[in-house]
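Colleague: Provide a 3D model corresponding to the input given below.
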Amino acid sequence: MWIVEPEKDWRGWREKGVISLDCINRGAHLIPVFGNQFIPHRFPFSPSLDCFRSYYVNKYADHHANEIAY
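Modeller: Reported below is the predicted structural model:
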């Protein structure tokens, strides 16, 4: 699996943009890189993309994802 991080601008803020739906080929499974610390038992899933610095991309989620991700 690969580790990916959000792009940041010169201020250290995360880059944001709009992607046209016709540019999306398929979804991806992002697994947070948790590090050495435990997360709270009742950690809410909705802010996950904002709470972690990097993610594993699961290219083995299904056989189509494995074919697309070299």
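
Colleague: going forward, measure contacts between C-alpha atoms and count neighbours the same way
Modeller: Noted.

Colleague: How about the residue nearest the centre of the chain, nearest residue that isn't a chain neighbour?
Modeller: Taking Cα atoms, centre = their mean, the centroid of the chain lies closest to residue 30, which sits 4.1 Å from it. Spatially, and ignoring its direct neighbours in sequence, residue 30 is nearest to residue 57 (5.0 Å; Cα to Cα, 6 or more residues apart in numbering).

Colleague: what about residue 52, distance to residue 26?
Modeller: 22 Å (Cα to Cα, to the nearest Å).

Colleague: okay, those two: which has more neighbours?
Modeller: residue 52 (15 against 8; other Cα atoms under 10 Å).

Colleague: what about the helices in this protein?
Modeller: Applying DSSP state H to the chain gives helices spanning 48-51, 63-68.

Colleague: Ranked by average pLDDT, which of the ones you listed falls at the bottom?
Modeller: Sorting the helices of the chain by mean pLDDT places helix 63-68 lowest, at a mean of 65.

Colleague: Tell me how many other residues crowd residue 55.
Modeller: Residue 55, neighbours per other Cα under 10 Å, totals 19.

Colleague: bridging residues for it?
Modeller: Here residue 55 sits in beta bridges with residue 4, residue 32, going by DSSP bridges.

Colleague: For residue 11, see how far away the residue nearest to the centre of the chain is.
Modeller: 25 Å.

Colleague: same thing with residue 25?
Modeller: Distance from residue 25 to residue 11, by Cα to Cα: 31 Å.

Colleague: who's more crowded, these two?
Modeller: Legend: neighbour count by other Cα under 10 Å for residue 25 and residue 11, higher for residue 25 (9 against 6).

Colleague: and the gap between that one and residue 19?
Modeller: 12 Å.
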